[in-house]
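> what's the 3D shape of this:
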Amino acid sequence: ENGLDAFAKRYQQLNYLPSAYTILQSVTIDSLESNTKTSIEGQKSMINTIPRVLFLGTYPPRKCGLATFLADLTENYPGPYDVIAVDEPTVDESSRNYTDKVIFRLNQTNSDSYYTVGDIVNSGAYDVFNLQHEFGLFGGMYGEYVIKLLASIRKPVITTLHTIISKPNSFLMSVMRSICATSSRVVVLSNGGRQLLIDVYGVDEKKISVIRHGVPDSKFSHSLADAKVSLGFEENIPTMATFGLLHRDKYIQLPLQALQTVVKSIPNVMYLIIGQTHPLVQVSEGNSYVHELEHNITALGLTKNVRFIDKYMNDDELTAYLGAVDIVLTPYNSVDQYVSGALSWAVGAGKCVISTPYPYAKELLDNGRGFLTPYNDAEHLSSLIIKLFQDTKVRDRARRNAYDFGRNMIWPIIGA
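The predicted model follows:
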């Protein structure tokens, strides 16, 4: 067994790979080893070259969590890369100015656009094609257009899955299995996601790699007073927040119901709802969800205790707001939430987090890194909030546990 064989086998045996780079490198190695036309010396030389990658996904200035994810990933990837950005069919190209790294714009509902992407991948000097996949992003039923794209590509394919449905219908099952079958490697963002692929979709576990959702690096802050004052709050005001693009699965109704009880014990508590309506929700129902929340806030007598921050924030702005928050709430009512960028960010920032027990929260907040509250139980949530505001030692211990765990999730480690 030569050195190349041993090196390739080492990566083939890994089920958990710590960074995007090692996965890209290992897939390149697997591809080289199967290429009998390339000499051993030539293969060894190519192994020492960082793979050139073509990424496909949403990308800033498009406003969505996946776009932020891909921007952070590419910014921290140490090798050469280009991006194909996914556009909605209604977007005016002149209104969205991408960076020079974006070499093509995929119209997500135009099937011909997918063939163009395949040609770009196959004819370009790329070692690996990376698909950032999320249901609802690609055209056809359950995004089936992407299947023909993957089948046409003659380069190694790594697919990163951002949504995994635990109870798929037969067609969705077929789409997901086809995506995984045509991928050289499938990346999931949690151990729970890995188990879903194995148990529900029958994906070969050797094909699956787990990389944590990346987060910005930040310093642990023992005192939040200065951060609160810098944002115009009183330095000792108790603050909570839910952040991210707004849609009904955020289920902000739950903390509003709990807040009715909390204000009786902590009259000056402030709950920040940070973010705009999700663009796809905006198309289908406008700001109706936000208007319903505003109506509930008024009806519950909470207008002095709740503030909307109606803005899609960049990393620095969001970091500043999180620096002023005592407790982060992720009260989602989806049982299929196998990953959450907001929860990842909160843990990485060393926040005290309360969450409903969706799969990703149960995994990420384990071992004292946060607190779980049952679905639709406002009484339990209110008691937990009051306890954590009154017991700073318990709150700070969870913060430190979260922050320490999050050091292995920062983008310089995940992407490099």
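> per-residue confidence for residue 48?
pLDDT for residue 48: 58.
> of all the residues in the helix or strand that contains residue 293, which ones are buried?
For residue 293, the element it lies in under DSSP states H and E is helix 288-299. Of the residues in helix 288-299, 289, 290, 293, 297 count as buried by neighbour count, 16 or more other CB atoms under 10 Å. From N, CA and C alone the C-beta is placed, and that goes for glycine too.
> now the residues you listed as TSV including pLDDT and distance to residue 324?
TSV is the format used below for those (pLDDT from 0 to 100; distance: CB to CB, whole Å):
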residue	pLDDT	distance to residue 324
289	95	25
290	95	22
293	96	21
297	97	20
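> returning to what we had before: what helices and strands are in contact with the helix holding residue 293?
Judged by 3 or more CB pairs under 8 Å, 6 or more residues apart in numbering; DSSP states H and E, the packing partners of helix 288-299 are helix 253-265, strand 306-309.
> now the angle from the longest one to helix 288-299?
The reference is to helix 253-265. Computed by axes from the mean of the first three to the mean of the last three CA atoms, to 10 degrees, the angle separating helix 253-265 from helix 288-299 equals 20 degrees.
> any chance of a markdown table for the helices and strands packed on helix 288-299, columns distance to residue 242 and mean neighbour count?
Shown next, in a markdown table, are the helices and strands packed on helix 288-299 (distance: least, CB to CB, whole Å; neighbours: other CB atoms under 10 Å):
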| stretch | distance to residue 242 | mean neighbour count |
| --- | --- | --- |
| helix 253-265 | 7 | 19 |
| strand 306-309 | 10 | 18 |
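> I'd like the ones you listed written out as JSON lines, with distance to residue 68 and mean pLDDT added.
Formatted as JSON lines, these follow (distance: least, CB to CB, whole Å; pLDDT from 0 to 100):
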{"stretch": "helix 253-265", "distance to residue 68": "24", "mean pLDDT": "98"}
{"stretch": "strand 306-309", "distance to residue 68": "17", "mean pLDDT": "96"}
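> among these, which is nearest residue 346?
Of all the helices and strands packed on helix 288-299, helix 253-265 sits nearest to residue 346, with 14.3 Å by CB to CB.
> and that closest one, how far out from the chain's middle?
28 Å (CA atoms, centre = their mean, to the nearest Å).
> downstream of that helix, the next helix or strand is which one?
Downstream of helix 253-265, the next assigned helix or strand under DSSP H and E is strand 270-274.
> just the strands from the protein, written as ranges.
Remark: strands assigned in the chain by DSSP state E are 53-57, 81-87, 102-107, 128-133, 157-161, 185-188, 208-210, 239-243, 270-274, 306-309, 327-330, 352-355, 371-372.
> can you add distance to residue 383 and give the ones you listed back as CSV?
As requested, the strands of the chain are exported to CSV (distance: least, CB to CB, whole Å):
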stretch, distance to residue 383
strand 53-57, 41
strand 81-87, 43
strand 102-107, 48
strand 128-133, 40
strand 157-161, 36
strand 185-188, 34
strand 208-210, 34
strand 239-243, 14
strand 270-274, 16
strand 306-309, 20
strand 327-330, 13
strand 352-355, 11
strand 371-372, 11
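> residue 406: which of those strands is closest?
Smallest distance to residue 406 across those (CB to CB): 11.0 Å, for strand 352-355.
> parallel or antiparallel, list what pairs with the closest one.
Applying DSSP bridges, strand 352-355 is found paired with strand 327-330 (parallel), strand 371-372 (parallel).
> tell me the most buried of those?
Mean neighbour count (mean count of other CB atoms under 10 Å) peaks for strand 327-330 among the strands paired with strand 352-355, with a mean of 26.
> can I see the domain layout of this protein?
Here the domain assignment for the chain is 3-210, 225-414, based on automatic domain parsing.
> straight-line length of the last one, end to end?
This means domain 225-414. End-to-end distance for domain 225-414: 31 Å, by CA to CA, to the nearest Å.
> CA atoms only: put stretch 104-122 into PDB for me.
The C-alpha trace of stretch 104-122 is given here as PDB (Å, rounded to 0.1, in the frame of the first residue of the first chain):
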ATOM      1  CA  PHE A 104     -23.400  32.900 -13.300                       C
ATOM      2  CA  ARG A 105     -26.900  33.400 -11.900                       C
ATOM      3  CA  LEU A 106     -29.100  30.300 -11.900                       C
ATOM      4  CA  ASN A 107     -32.800  31.100 -12.400                       C
ATOM      5  CA  GLN A 108     -34.200  28.600 -10.000                       C
ATOM      6  CA  THR A 109     -37.400  27.900 -11.900                       C
ATOM      7  CA  ASN A 110     -35.900  27.800 -15.400                       C
ATOM      8  CA  SER A 111     -34.900  24.200 -16.300                       C
ATOM      9  CA  ASP A 112     -32.600  25.400 -19.100                       C
ATOM     10  CA  SER A 113     -30.600  27.400 -16.600                       C
ATOM     11  CA  TYR A 114     -29.600  24.100 -14.900                       C
ATOM     12  CA  TYR A 115     -28.100  22.700 -18.100                       C
ATOM     13  CA  THR A 116     -26.000  25.800 -18.300                       C
ATOM     14  CA  VAL A 117     -24.700  25.200 -14.800                       C
ATOM     15  CA  GLY A 118     -23.700  21.600 -15.800                       C
ATOM     16  CA  ASP A 119     -21.800  22.900 -18.800                       C
ATOM     17  CA  ILE A 120     -19.900  25.400 -16.600                       C
ATOM     18  CA  VAL A 121     -18.900  22.800 -14.100                       C
ATOM     19  CA  ASN A 122     -17.800  20.300 -16.700                       C
END
